[in-house]
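Undergrad: generate coordinates for the sequence data below:
(chains A and B)
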Amino acid sequence: MIEVKNISKSFGDQLIVDNISTVFEEGQTNLIIGQSGSGKTVLMKCCIGLYDVDSGEVDFHGRRFSNIPDKKRKHIRQEMGVLFQGGALFDSLTVEENIMFPLDMFTKMSLKEKKERVNFVLENVNLSGNNGKYPAELSGGMTKRVAIARAISLMPKYLFADEPNSGLDPKTAERIDQLLSSLTRKFNMTTVINTHDMNSVLQIGEKICFINEGKLCWEGTKETILKTEKKELNDFVFATELTRRIKPLKTNR
Amino acid sequence: MKILYQIGEYVLMVLQAFKRPDKGFVFRRQLLYDFKRLGVDSISIIAIISLFTGGIIAIQMAYNIDSPFIAKSIIGFSTRQMLVLEISPTIISLILAGKVGSRIASEIGTMRITEQIDALRVMGVNPPNYLILPKITAAVIYFPVLIVFSIFLGILGGWIMGSITGLIPSADYIIGIRSWFDPFTLTYAMIKTVVFAFIITSVSAYKGYTVKGGSVEVGQASTEAIVVSSILIIFFDLILTQLLLT
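TA: Numbers count the residues shown, from 1 in each chain, chains lettered A, B, ... in the order given. Take a look at the predicted model:
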C-alpha cells in the first residue's frame, strides 16, 4: 500500500501538484489519469523519489519515503520497479544484461540463478528467446515489455508505469495493459499507472485518480467513471467520438 | 553567478562519482568497456596523427636549422623534446578532447534525455558512480599509455621523413634523439596527461549529465564539452608548465 499525504510540488512559482492525498492499494492496478500537463507525471515522480516534494509525504507500507536522504531510500527503492515512458533500456546492454542489471547490483544470486530469473521474467512478458538482442533491435511494444521484465526482475512490491502504452498501436497497447494487470495480480504488487488512454482506464482501472490542474479532482473505479457528474472528468472521458458513442449505452445500464 | 553554480554542480557530481562502487565486478566490467571505447578505439587516430606530426616537425626543424655550424643531430633532439614536452601530451589531449569528450557527453546526454539516468536513480544506483567513475579511471590509466605510444610514433615519423627526404642523415637523427635526455621531461608529460585525462572525462561527463531538453541540446552539450575541455587543457598546460619546469 502506498499512501500519498497532502503532497505539493512547484517549479519556480508554478504549482504543479496541489495538496494531493490518496491511497494506492496492494494487489490493485491504480491509475492516475488526466490531460497532458495536468501534473500526473510530476505526481508519479514525487512518489518514486525523482522529485522532492515541497510539502506532504509519501509512505510505502507505513515507511516514509519522501524527502529523506538517498541512502535511507535505497531499501524501498529495491522493492520498486519503474517502467518509464520510453522504456529507458540501457542501449549498450543486451535484453538479458538489461534485465540482469538490478540483479547484478542488488542480489548475491549466482550467474545461473540470474539467468533463470531473466528467462522467467521474459517468459512472463512473452519474450522468451530474445535475450541476446539490443534495444535498438526491438519494436516499440517489445521495448516496453523488456522494460516491464526489468522492472519486475527483483520481484518488486510496487510497480510504477508512466504512460506504458503511449506510441503503441491499440492492439499492442491492450496487450501491455493486460500484461501489467495480470502481473499485478500474479505477484500481488501495488501498481500505479499514469495514462490518458481511455481504453486502459476502462479495461484495467481498479482504482482511478483523476488529476486536473494539479488537484485530485475525482477518485473511483472503471465501473463508476462513466456515470460521474463531474464536469472536468466528463470533458476528459468523453473527449473522443468513440467514448461519446458509448456514453448512452453505459449510463443507461 | 551561473558559472559559480556550474562549478558547484560539477564538484558535487565528481564527489558523487568518487564513492565506493556498490558492486566491484560491475565497476570492473564498466572499466573494461571504457578502456576499449575511450582508449583502444583511439589508437588508430593517435597513430596517424603522431606519425605525421613527428615527420612534419623533423622537416620543419631541418628547414629552420639549415646551417653548417649547427649539428644535424639537433633536429632529432628538438623533435624528441617537442614531442615529449608539448605535442604528444597537449596536442594529442586536445584531439582526445574532441574524440573522447564528445563521445562521453553525447552518450551520457542521450542517457539523460531518454530517462536512463532516472532509471538508474530509481533503482537505487548512484549514476555518477556507475557511469562516470569508470570513464575517469579508464582515461587516467590509458591516456598516458596512448601518449607514450604517440611520442614513440612521432619520433619514428621524424626518422622516416628525415630518411625519405634525405634532409636528416639517419645516424645524426638517432644521435639527436638519444642526446641530453632528462627523464623528468617524461614525468612532466605524464603528469600533464593525467590531469588532462581527468579534465576531458569529468567535464564532458558533466556536460552530458546536466543536459536538459532533446537531441539539439545533446549536440550543444557535446560541442560545449569539447570547447570547455580544450580551454581548460591549455589553461592547465600553462599552470603545470610554470609549476613543473621553472
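
Undergrad: for A:Asp59, pull up the helix or strand it's in.
TA: Taking DSSP states H and E as the criterion, A:Asp59 maps to strand A:55-60.

Undergrad: adjacent strands (with direction) for that strand?
TA: Using DSSP bridges, strand A:55-60 pairs in its sheet with strand A:2-11 (antiparallel), strand A:63-64 (antiparallel).

Undergrad: can I get the first one in PDB, CA atoms only?
TA: Coordinates of the C-alpha atoms in strand A:2-11 are reproduced here as PDB (Å, rounded to 0.1, in the frame of the first residue of the first chain):
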ATOM      1  CA  ILE A   2       1.300   3.500  -0.900                       C
ATOM      2  CA  GLU A   3      -0.100   6.500   1.000                       C
ATOM      3  CA  VAL A   4       0.200   9.900  -0.600                       C
ATOM      4  CA  LYS A   5      -0.400  12.500   2.100                       C
ATOM      5  CA  ASN A   6      -1.100  16.100   1.100                       C
ATOM      6  CA  ILE A   7       1.800  16.400  -1.300                       C
ATOM      7  CA  SER A   8       2.500  19.600  -3.200                       C
ATOM      8  CA  LYS A   9       5.200  20.300  -5.700                       C
ATOM      9  CA  SER A  10       6.000  23.500  -7.600                       C
ATOM     10  CA  PHE A  11       8.700  24.600 -10.100                       C
END
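
Undergrad: list the buried residues for it?
TA: In terms of neighbour count (16 or more other Cβ atoms under 10 Å in any protein chain shown), strand A:2-11 has its buried residues at A:2-5, A:7-9. Where C-beta positions appear, they are placed from N, C-alpha and C, glycine not excepted.

Undergrad: now the following helix or strand past that strand against strand A:55-60, angle please.
TA: Proceeding N to C from strand A:2-11, the next assigned helix or strand is strand A:14-24, under DSSP H and E. Between the axes of strand A:14-24 and strand A:55-60, defined by axes from the mean of the first three to the mean of the last three Cα atoms, to 10 degrees, the angle is 30 degrees.

Undergrad: can you list the strands that strand A:14-24 pairs with?
TA: In its sheet, and by DSSP bridges, strand A:14-24 pairs with strand A:2-11 (antiparallel).

Undergrad: what is the mean pLDDT for the partner strand?
TA: The average pLDDT within strand A:2-11 is 93.

Undergrad: other residues contacting that strand?
TA: Residues outside strand A:2-11 that contact it (Cβ atoms under 8 Å, 6 or more residues apart in numbering or on different chains) are A:15-24, A:39, A:42-43, A:46-47, A:51, A:53-60, A:62, A:66, A:158, A:190, A:192.

Undergrad: PyMOL command to pick out the buried ones of the residues you listed?
TA: Per 16+ other Cβ under 10 Å, the buried members of those correspond to this PyMOL selection:
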select buried, chain A and resi 15+16+17+18+20+22+24+39+42+43+46+47+51+53+56+57+58+59+60+66+158+190+192
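
Undergrad: who in chain A is up against chain B?
TA: For chain A, the contact set with chain B under Cβ under 8 Å from any Cβ of the partner chain comprises A:48-50, A:70, A:73-74, A:77-78, A:80, A:82, A:84-86, A:88-92, A:101-102, A:104-106.

Undergrad: among the residues you listed, name the buried ones.
TA: Among the residues of chain A next to chain B, those classed as buried by 16+ other Cβ under 10 Å are A:48-49, A:73, A:77-78, A:80, A:82, A:84-86, A:88-90, A:101-102, A:104-106.

Undergrad: so which of these belong to strands?
TA: Cross-referencing those against strands under DSSP state E gives A:80, A:82.

Undergrad: and the closest residue to A:Ile204 other than its chain neighbours, how many neighbours does it have?
TA: Ranked by Cβ to Cβ, 6 or more residues apart in numbering or on different chains and with sequence neighbours excluded, the top spatial neighbour of A:Ile204 is A:Ser181, at 4.2 Å. Neighbour count for A:Ser181, taken as other Cβ atoms under 10 Å in any protein chain shown: 19.

Undergrad: follow-up on the earlier one: contact partners of the strand holding A:Asp59?
TA: A:1-8, A:19-21, A:46-47, A:49, A:64-67, A:76, A:79-80, A:157-158.

Undergrad: still on that earlier bit, so which of the strands paired with strand A:55-60 is nearest B:Tyr188?
TA: Ranking the strands paired with strand A:55-60 by distance to B:Tyr188, with Cβ to Cβ as the measure, places strand A:2-11 first at 49.1 Å.
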